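1. Need a 3D model of the following:
(chains A and B)
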2 protein chains.
Amino acid sequence: MTAYFTLQWEDDHVVMLDQRLLPGEVRYIPIFSVEEMAEAIRNMTVRGAPAIGAAAAYGMALAALTADRKHEKVYEQAAAAQTLLFAARPTAVNLGWALRRMRRRLDSAAGGLNNAEMAQTLLAEAHAIAEEDRATNRRMAENALALLPDEVTFIHHCNTGTLATVEYGTALGVIRAAHEHGKKVLVYVDETRPRLQGARLTAWELTQLGIPYQIIVDGAAAAVMRTRHVDACVVGCDRVAANGDTANKIGTYNLSIVAKAHQVPFYVVGPTSTVDLETPTGAEIVIEERAPEEITEIEGRRIAPEGAQVFNPAFDVTLAANITAIITEEGVCRAPFIDSLRAAVQRARDVD
Amino acid sequence: MTAYFTLQWEDDHVVMLDQRLLPGEVRYIPIFSVEEMAEAIRNMTVRGAPAIGAAAAYGMALAALTADRKHEKVYEQAAAAQTLLFAARPTAVNLGWALRRMRRRLDSAAGGLNNAEMAQTLLAEAHAIAEEDRATNRRMAENALALLPDEVTFIHHCNTGTLATVEYGTALGVIRAAHEHGKKVLVYVDETRPRLQGARLTAWELTQLGIPYQIIVDGAAAAVMRTRHVDACVVGCDRVAANGDTANKIGTYNLSIVAKAHQVPFYVVGPTSTVDLETPTGAEIVIEERAPEEITEIEGRRIAPEGAQVFNPAFDVTLAANITAIITEEGVCRAPFIDSLRAAVQRARDVD
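-> Presented below is the predicted three-dimensional model:
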């Protein structure tokens, strides 16, 4: 357990850490309605694919509970919430995954339950999603341990820690498990422009956890690999296509190419819920473009000239050929990913 | 001619654009002494290898002129200035090159000239260095034109324009020449963390010149190459080793690896004065590490947690194997660079 958390249910609402204020300020905010939850996902108060999935599930539960309290139709309001929440962030597959799971629960409950029971069922399902995310992260980290030497230096991109999940983390969970198992760990932390999740969030988490790290600019990865020593790159994922192509934070594809050129293993860490077997390859993944101000302004201060044009894709697609392994809670998937990913997803479904 | 300049001699001092204030403010400051010049180089009021070379030459001239005015020994003061200025930035070879050239002029003048004549001789030599830089940049740009298609999309790293030189620019001079020769140009501008020379300076220059551009984060290069079209990467250089290994702004080596993976030509643009035949390979180039605050703070605002550790090399070394050609004022050098660079340097010396 860490002394901080991403989101947590309390009585009748969600309490959520406002990640936009980190590392300067640790402030938790209450989320009472689905509209507030959609906005929190959209404005990145909460970010990280698994955290977004759990947040969206609670958002649908909030819609149901609110509808019940107001004597509105729970089924219709929850279904409308699914649409609203799904539109908040287009790339994260966990968002759709969690919402579809909530919807299945809603549909199966709709036959025999009254409004109050339906709302409570949705809340229980959101709790289950959050709890499974916690367990899933631990299992991914354990699956990764055998891949790592006793002294291990990582490059890590973006934030994939507790803050990106419900608890523990995906790629940062692997780093954390290595540290907790007594390995000697050093992490080079990509600052991760434009939103600086590495410098702001990952550095903050590593400080809390007492794990040694050094922040680098994203362009320094190759220099670090060549002039120092790196054992592994670890990154999260926002969507993994059936062939292993992986959408993740912009800069991940760059890092994978640089790692390959230096024979540094490149590990993607993510739950099977992030694997989208319906998407054959990365070419079919729609990439969200975000506001130019993310690049032209920092902390509200203008960096670029007025009128500057910007291209600001939030994600890129790392080709499967650059990925050494995709580490899921159902085991370590290697090429050919078309087979190993399908098998991992099947194992997860068998467990469900 | 552009409506702005990097540095210019006026009566008895240098007028210099304070590049740290761009793009928000265009302010020129006077430099009256060698101490002020050394500080301006150190604190990056002036930056870019060729601009630093010219600035240092004027710094040595300022030391000589000041000594003459104060009836101090010009030779000793100018020689001391060489040491002071050389220490201001460790990586830029032009700095040492310009200072050694000034020293040779000083030594050859020391025999027969009086203090006033010696000081004027050094000023004339500084003027010559500045004028040759202007001419050199034009010739590099002309040499590059034949390599470029009529519609040409670039990725450009750091700033290599008028602001990095005395006038016109190196890599940005190539872009500018393409534009002036009627080619249809689009530039993806690496913002270039940590100091954001791309977003601040290159975007500002391209705006002044009316050349279309889009700023990207440094980590987006691979995504741009894969999902859009890029004809060439163009970068400057701070030092080119005899074998073609090139020290340049951090992130250049990353970009070269990404370009190679996408079969995008990677051009280094720099005068033969940047080629250091005494340095056999990039492994012998000492890389300057700069203050952690360049990464942990932006515009004086704290980004990373207090106490965060940082690794902040100012430059990296791009391996010659990743470079398609090195474009000098004496022609386009290709592999084996050990031969082509030596020949280009020899041609430049024959001209001198």
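2. contacts, neighbours, all on C-alpha from now
-> Will do.
3. Quick check: buried residues in the top helix by length along chain A?
-> Ranked by number of residues, the top helix in chain A under DSSP state H is helix A:115-145. Of the residues in helix A:115-145, A:115, A:117-127, A:129-130, A:133-134, A:136-145 count as buried by neighbour count, 16 or more other C-alpha atoms under 10 Å in any protein chain shown.
4. All the helices of the stretch 1-150 of chain A, in order from the start?
-> Here the stretch 1-150 of chain A has its helices, by DSSP state H, counting those that start in this stretch, at A:34-42, A:49-69, A:74-86, A:93-110, A:115-145.
5. relative to helix A:115-145, how tilted is the second one?
-> Relative orientation of helix A:49-69 versus helix A:115-145 (axes from the mean of the first three to the mean of the last three C-alpha atoms, to 10 degrees): 170 degrees.
6. who does helix A:49-69 touch, helix- and strand-wise?
-> Packing partners of helix A:49-69 (3 or more C-alpha pairs under 8 Å, 6 or more residues apart in numbering or on different chains; DSSP states H and E): helix A:34-42, helix A:74-86, helix A:93-110, helix A:115-145.
7. what packs against the last one?
-> Just to be clear, that refers to helix A:115-145. Packing partners of helix A:115-145 (3+ C-alpha pairs under 8 Å, 6+ apart): helix A:49-69, helix A:74-86, helix A:93-110, helix A:171-180, strand A:325-328, strand A:331-333.
8. got the angle between that helix and helix A:93-110?
-> Inter-element angle recorded for helix A:115-145 and helix A:93-110: 140 degrees (by the same axes, to 10 degrees).
9. Now do helix A:115-145 against helix A:171-180, angle only.
-> 50 degrees.
10. I'd like the average pLDDT over helix A:115-145.
-> The average pLDDT within helix A:115-145 is 96.
11. With the third one instead?
-> Along helix A:93-110, the predicted confidence averages to a pLDDT of 93.
12. now it, how far from the centre of its chain.
-> Using C-alpha atoms, centre = their mean, to the nearest Å, the mean C-alpha position of helix A:93-110 is found 18 Å from that of the whole chain.
13. and the angle from that helix to helix A:74-86?
-> Taking the same axes, to 10 degrees, helix A:93-110 and helix A:74-86 form an angle of 170 degrees between their directions.
14. now do the longest one
-> Using the same axes, to 10 degrees, the interaxial angle of helix A:115-145 with respect to helix A:74-86 works out to 40 degrees.
15. nearest residue to whatever residue of the stretch 251-352 of chain A ends up closest to chain B other than its sequence neighbours?
-> Distances between the stretch 251-352 of chain A and chain B by C-alpha to the nearest C-alpha are smallest at residue A:251, namely 3.9 Å. Counting by C-alpha to C-alpha, 6 or more residues apart in numbering or on different chains, residue A:251 lies nearest to residue B:219, which is 3.9 Å off, once chain neighbours are set aside.
16. what's near enough to touch that neighbour?
-> A:192-193, A:218-219, A:250-252, A:254-255 (C-alpha atoms under 8 Å, 6 or more residues apart in numbering or on different chains).
17. and what of residue A:193?
-> Contacts of residue A:193 by C-alpha under 8 Å, 6+ apart are A:218, A:295, B:217-219.
18. How about residue A:110?
-> A:75, A:118.
19. quick one: pLDDT of the residue in the stretch 1-150 of chain A that chain B sits nearest to?
-> The minimum distance from the stretch 1-150 of chain A to chain B, using C-alpha to the nearest C-alpha, falls at residue A:23 (5.4 Å). Looking at residue A:23, its pLDDT reads 95.
20. was I right about it contacting residue A:204?
-> Yes: in this structure residue A:23 lies within contact range of residue A:204 using C-alpha atoms under 8 Å: 6.0 Å.
21. Touching both of these two, which residues are there?
-> Joint contacts of residue A:23 and residue A:204 (C-alpha under 8 Å, 6+ apart) are B:304-305.
22. which residues in the stretch 201-350 of chain A form strands?
-> Along the stretch 201-350 of chain A, counting by DSSP state E, counting those that start in this stretch, strands occupy A:213-216, A:232-235, A:239-241, A:246-249, A:266-269, A:275-276, A:297-298, A:301-302, A:315-318, A:325-328, A:331-333.
23. The fifth one close to chain B?
-> Which is strand A:266-269. No: using C-alpha under 8 Å from any C-alpha of the partner chain, strand A:266-269 stays clear of chain B, with a minimum separation of 15.6 Å.
24. mind listing what's buried in that strand?
-> In strand A:266-269, counting by 16+ other C-alpha under 10 Å, buried: A:266-269.
25. So which other helices or strands are in contact with it?
-> strand A:232-235, helix A:252-261, strand A:325-328.
26. returning to what we had before: can you tell me which of the contacts of residue A:193 is closest to residue A:197?
-> Among these, residue A:218 lies closest to residue A:197 (C-alpha to C-alpha), at 11.6 Å.
27. Residue A:114: how many residues sit nearby?
-> 14 (other C-alpha atoms under 10 Å in any protein chain shown).
28. Against residue B:219, how distant is residue A:192?
-> 8 Å (C-alpha to C-alpha, to the nearest Å).
29. Kindly report the same for residue A:335.
-> In terms of C-alpha to C-alpha, residue A:335 sits 25 Å off from residue B:219.
30. where does chain A have low pLDDT?
-> Low-confidence segments of chain A (pLDDT under 70): A:1-2, A:91-92, A:352.
31. thinking again about what came up before, who wins for proximity to residue B:60 among the helices of the stretch 1-150 of chain A?
-> helix A:34-42 (56.5 Å).
32. Residues contacting the closest one, please?
-> Here helix A:34-42 makes contact (C-alpha under 8 Å, 6+ apart) with A:31, A:46-47, A:52, A:55-56, A:59-60, A:62-63, A:81, A:84-85, A:88-89.
33. burial of residue A:290, as a residue count?
-> Around residue A:290 there are 14 residues (other C-alpha under 10 Å).
34. contacting residues for it?
-> Residue A:290 makes contacts with A:312-314, as judged by C-alpha under 8 Å, 6+ apart.
35. How about the residues of the stretch 201-350 of chain A by chain B?
-> Residues of the stretch 201-350 of chain A lying close to chain B by C-alpha under 8 Å from any C-alpha are A:203-204, A:207, A:213-223, A:250-255, A:257-258, A:261, A:295-296, A:298-299, A:301-305, A:308-313, A:316-317.
36. In ChimeraX, select just the buried ones from the contacts of residue B:219.
-> Selection of buried members from the contacts of residue B:219 for ChimeraX, criterion 16+ other C-alpha under 10 Å:
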select /A:192,193,218,219,250,251,252,254,255
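37. that's a helix at residue A:166, yeah?
-> No: with DSSP: H, G, I helix; E, B strand; the rest coil as the criterion, residue A:166 is located in coil rather than a helix.
38. Not counting sequence-adjacent ones, nearest residue to it?
-> Per C-alpha to C-alpha, 6+ apart, closest to residue A:166 is residue A:51, 5.4 Å.
39. The one you found against residue A:169, yeah?
-> No: between residue A:51 and residue A:169 there is no contact, the gap being 9.5 Å when judged by C-alpha under 8 Å.
40. mind checking how far the residue lying closest to residue A:299 once chain neighbours are set aside is from residue B:310?
-> Among residues not flanking residue A:299 along the chain, residue B:301 sits closest, at 7.3 Å (C-alpha to C-alpha, 6+ apart). Per C-alpha to C-alpha, residue B:301 is found 16 Å from residue B:310.
41. So which of the two has more stuff around it?
-> Neighbour count, other C-alpha under 10 Å: between residue B:301 and residue B:310, residue B:310 has more, with 22 against 13.
42. check contacts around that one.
-> Residue B:310 neighbours (C-alpha under 8 Å, 6+ apart): A:213-216, B:292, B:295-296.
43. Looking at those residues, which is nearest residue B:277?
-> Looking across these and measuring by C-alpha to C-alpha, the closest to residue B:277 is residue A:216, at 30.9 Å.
44. Can you report how many residues neighbour the closest one?
-> 27.
45. Do I have it right that it meets residue B:312?
-> Yes: the criterion here is C-alpha under 8 Å, and residue A:216 meets it with residue B:312 at 6.4 Å.
46. what do the two both touch?
-> Between them, residue A:216 and residue B:312 share the contacting residues residue B:295, judged by C-alpha under 8 Å, 6+ apart.
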